[in-house]
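Asks: curious how this folds, go ahead:
(chains A and B)
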There are 2 protein chains.
Amino acid sequence: MPEGKPEVVPDDGLTTRQRRNRQLLMIHTGAGKGKSTAAFGLALRGWNQGWSIGVFQFVKSAKWRIGEEAALNALGELHESTGQGGPVEWHKMGSGWSWSRKSGTEEDHAADAAEGWAEIKRRLAAETHSLYVLDEFTYPLKWGWIDITDVVQTLQERPGYQHVVITGRNAPPELTDAADLVTEMSLVKHPFQKGQKGQKGIEW
Amino acid sequence: MPEGKPEVVPDDGLTTRQRRNRQLLMIHTGAGKGKSTAAFGLALRGWNQGWSIGVFQFVKSAKWRIGEEAALNALGELHESTGQGGPVEWHKMGSGWSWSRKSGTEEDHAADAAEGWAEIKRRLAAETHSLYVLDEFTYPLKWGWIDITDVVQTLQERPGYQHVVITGRNAPPELTDAADLVTEMSLVKHPFQKGQKGQKGIEW
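Replies: The predicted structure is shown next:
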């Protein structure tokens, strides 16, 4: 099947096994749907591997992703009670970060975002998780709330075997430069018609 | 946040509530990653809504998606034991469809695919599931194993409130025409550099 075989074998001196076991920085960007959803789908796979999953939701509203949060938390609880899969932590900025004694500050989203990133840095240094989902993380970068240079350097120098998935529109070029895999999700509003069918108002 | 507000309000005479409660046909296509993963992410949301989830995997190898299958099945079992979320059924062609007494025929993938589609038609008529994930379904369509006209007509005439997500490369135009939402996942191999940075060998 198409996704099973790589189109090119990288000339990086690594064996296939070494390449497979390399920690990855993945970006899901673009204006289409599925950026976050695909990241949570990856978390399912990681959970089944017994990985520790850390989700960090950089959105103002804590109402988002309630379904994914409930399902992944249920899997995390299943791990605690039966040992199946791996542990799951879900942290969200909107209602105040779970590790923080402060409640989410209404006024200062920039400070909340910076606090989230500081915690992620600590966890990367401590090798806390095997998969980090930094959901909607491109927005605090775009708005200058978190320093992109610090993010790129931290990610490039992270120790061990820690995968990171970052979602959000308009991923900055410094970030996509540093990434191993960048996927763009585009919404196809008016699918182009191939073959015999043309569109009224477009082709005639 | 960007995904929260529609860019255009459709002139279809429906209220926002009616539009929200319309059953959707969604296509995840393109050469990039995340097509199936995003569909399984959607299944997480559906599970939390208490929906009945039916996954139909149209791939030859049953080894694929093992992580997603294990995680979604764990959620399905959690539903059975505690009532949380909804039921989950995961069927795969590779090892012989679960409802079928036949084992997967080594020789006749076309017949296996057609049998899968016949079962999906029965379930759509019976309104068995709230969300159908037809994974890699574009390939049997492309190869002529399943009749695209029958698929489009069946999906357009399906009763009730049954969402369908179809994944796979090269979705046929008849299918994207009929879809409510088409997302294209593209692999950005050499991300275009915006701003001050140019790429050696490309811009100079």
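Asks: buried residues, stretch A:43-63. List them.
Replies: A:43-48, A:51-60 (16 or more other C-beta atoms under 10 Å in any protein chain shown). Any C-beta I mention is one placed from the backbone N, CA and C, and that applies to glycine too.
Asks: so how far is the helix or strand hosting A:E184 off the chain centroid?
Replies: According to DSSP states H and E, A:E184 maps onto strand A:181-188. Counting by C-alpha atoms, centre = their mean, to the nearest Å, strand A:181-188 is centred 13 Å from the centre of its parent chain.
Asks: which helices and strands does it pack with?
Replies: Under the contact criterion of 3 or more C-beta pairs under 8 Å, 6 or more residues apart in numbering or on different chains; DSSP states H and E, strand A:181-188 touches strand A:25-29, helix A:35-48, strand B:181-188.
Asks: which residue is the nearest non-sequential neighbour of A:G168?
Replies: Among residues not flanking A:G168 along the chain, A:T138 sits closest, at 3.1 Å (C-beta to C-beta, 6 or more residues apart in numbering or on different chains).
Asks: doesn't A:I166 make contact with that neighbour?
Replies: Yes - with contacts defined as C-beta atoms under 8 Å, A:T138 counts as touching A:I166 at a distance of 6.7 Å.
Asks: common neighbours of those two, please.
Replies: A:L175 (C-beta atoms under 8 Å, 6 or more residues apart in numbering or on different chains).
Asks: the two: which has the busier surroundings?
Replies: Ranked by neighbour count (other C-beta atoms under 10 Å in any protein chain shown), A:T138 and A:I166 place A:I166 first, with 28 against 23.
Asks: the strand or helix carrying that one and chain B in contact?
Replies: For A:I166, the host element (DSSP H and E) is strand A:163-167. No - counting by C-beta under 8 Å from any C-beta of the partner chain, no contacts exist between strand A:163-167 and chain B, the nearest distance being 10.1 Å.
Asks: what lies in contact with that strand?
Replies: Taking C-beta under 8 Å, 6+ apart as the rule, strand A:163-167 contacts A:23-29, A:35-36, A:39, A:42, A:46, A:130-138, A:155, A:158, A:175, A:179.
Asks: give me the angle between that strand and helix A:35-48.
Replies: 160 degrees (axes from the mean of the first three to the mean of the last three C-alpha atoms, to 10 degrees).
Asks: so what's the closest residue to A:S36 other than its chain neighbours bridging to?
Replies: Leaving aside its chain neighbours, A:S36 sits nearest to A:T167 (4.8 Å; criterion: C-beta to C-beta, 6+ apart). Beta-bridge pairing of A:T167 under DSSP bridges involves A:H28.
Asks: do a quick rundown of the strands in chain A.
Replies: Secondary structure of chain A, counting by DSSP state E: strands at A:25-29, A:53-57, A:88-92, A:131-135, A:163-167, A:181-188.
Asks: sheet-wise, list the partners of the longest one with their directions.
Replies: Using DSSP bridges, strand A:181-188 pairs in its sheet with strand A:25-29 (parallel), strand B:181-188 (antiparallel).
Asks: of these, flag the one that's most buried.
Replies: Highest mean neighbour count of these: strand A:25-29, a mean of 25 (counted as mean count of other C-beta atoms under 10 Å in any protein chain shown).
Asks: show me what it is in contact with.
Replies: Contacts for strand A:25-29 (C-beta under 8 Å, 6+ apart): A:34-36, A:38-39, A:42, A:138, A:155, A:163-171, A:175-176, A:178-185, B:34, B:188.
Asks: okay but A:A110 is in contact with A:L141, surely?
Replies: No - using C-beta under 8 Å, A:A110 is not in contact with A:L141; the gap is 11.7 Å.
Asks: could you dump the strands paired with strand A:181-188 to CSV with mean pLDDT and distance to B:A70?
Replies: What follows is the strands paired with strand A:181-188, written out as CSV (pLDDT from 0 to 100; distance: least, C-beta to C-beta, whole Å):
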stretch, mean pLDDT, distance to B:A70
strand A:25-29, 94, 21
strand B:181-188, 89, 23
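Asks: possible to save these as TSV with distance to A:M93?
Replies: Listed next are the strands paired with strand A:181-188 as TSV, based on distance: least, C-beta to C-beta, whole Å:
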stretch	distance to A:M93
strand A:25-29	19
strand B:181-188	26
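Asks: so for A:G76, which of those strands sits nearest?
Replies: Closest to A:G76 of these is strand A:25-29 (C-beta to C-beta; 21.4 Å).
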